[in-house]
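Visitor: here's my sequence, what's the structure:
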Amino acid sequence: MASSCGKLALIALGANLTSSAGRPDATLRAALAEIAAGNGDVGGAGIRITAVSRFWRSPAFPAGSGPDYVNACAILHTGLAAPDLLALLHGVEAGLGRVRDGNRWAARGIDLDLLALDGEVRPDAEAQRHWRELPPDRQRVEAPAELILPHPRLQDRGFVLAPLHDIAPLWRHPLTGATVREMMDALAPDDMAGLAPVA
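Guide: Purely as a prediction, here's the structure:
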């Protein structure tokens, strides 16, 4: 829901390789600082970070594909539209050394995902549902050409839901109506295996 401080955005952060900022945990902290400063493709963005989850360690997917990830989620308030916020996140990634080469699910020094912006559904309910329900074997080879909100894999990823539960357990998916807590409870045990807060 929009507030006087702007729209509420949920973002996910992850890294399992070193970046220009250092180890994955240092990279996540650097990314948060850059986001708060509005340092990306859109300057002077007026972004305010209002909550950050604990950092979580999670196994790389698929199993054996790289070192464990460090993951987190954050709540932002911003006046930016979704495409501009995504551009800012991509700019922060680039500033930390990420090169987007189309290699999905590869090990990386930083990954920033826009999970949701207020209750926006982009581009529409039908397209969002299509990508949300895409079978796992097709997820590896197909990617949308446009921004899909909420993030279509949100409900499937323990490494997103666990940190998101830290800061927004009652946030509801605008199409399914499920809360973060309910989505996390619906995951299979294997989807939560190996997840633990970073000490």
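Visitor: quick check: the residue lying closest to Leu147 once chain neighbours are set aside vs Ala143, distance?
Guide: Nearest residue to Leu147, sequence neighbours excluded (C-beta to C-beta, 6 or more residues apart in numbering): Arg122, at 5.4 Å. Bear in mind the C-beta positions are built from the backbone N, C-alpha and C, glycine included. Distance of Arg122 to Ala143, computed by C-beta to C-beta, to the nearest Å: 15 Å.
Visitor: who has more neighbours out of these two?
Guide: Arg122 (17 against 11; other C-beta atoms under 10 Å).
Visitor: where do the helices sit along the protein?
Guide: Residue ranges of the helices in the chain, as given by DSSP state H, are 24-36, 82-95, 125-132, 136-139, 158-167, 180-185, 189-192.
Visitor: state the mean pLDDT of the third one.
Guide: Read it as helix 125-132. Per-region confidence: helix 125-132 scores 93 on mean pLDDT.
Visitor: got a pLDDT number for the closest residue in space to Leu10 that isn't next to it in sequence?
Guide: Leaving aside its chain neighbours, Leu10 sits nearest to Leu115 (4.1 Å; criterion: C-beta to C-beta, 6+ apart). Note on Leu115: pLDDT of 98.
Visitor: got it, and the one 4 residues further on?
Guide: For Gly119, the pLDDT comes out at 93.
Visitor: skip the chain neighbours and tell me the closest residue to it.
Guide: Nearest to Gly119 is Pro174, by C-beta to C-beta, 6+ apart, at 4.2 Å.
Visitor: related to what we said a few turns ago, quick check: which of the helices of the chain is nearest to Pro59?
Guide: Between Pro59 and these, the shortest separation by C-beta to C-beta is 8.5 Å, and it involves helix 158-167.
Visitor: quick one: distance of that closest one to the chain centre.
Guide: In terms of C-alpha atoms, centre = their mean, to the nearest Å, the centre of helix 158-167 is set 10 Å apart from its chain centre.
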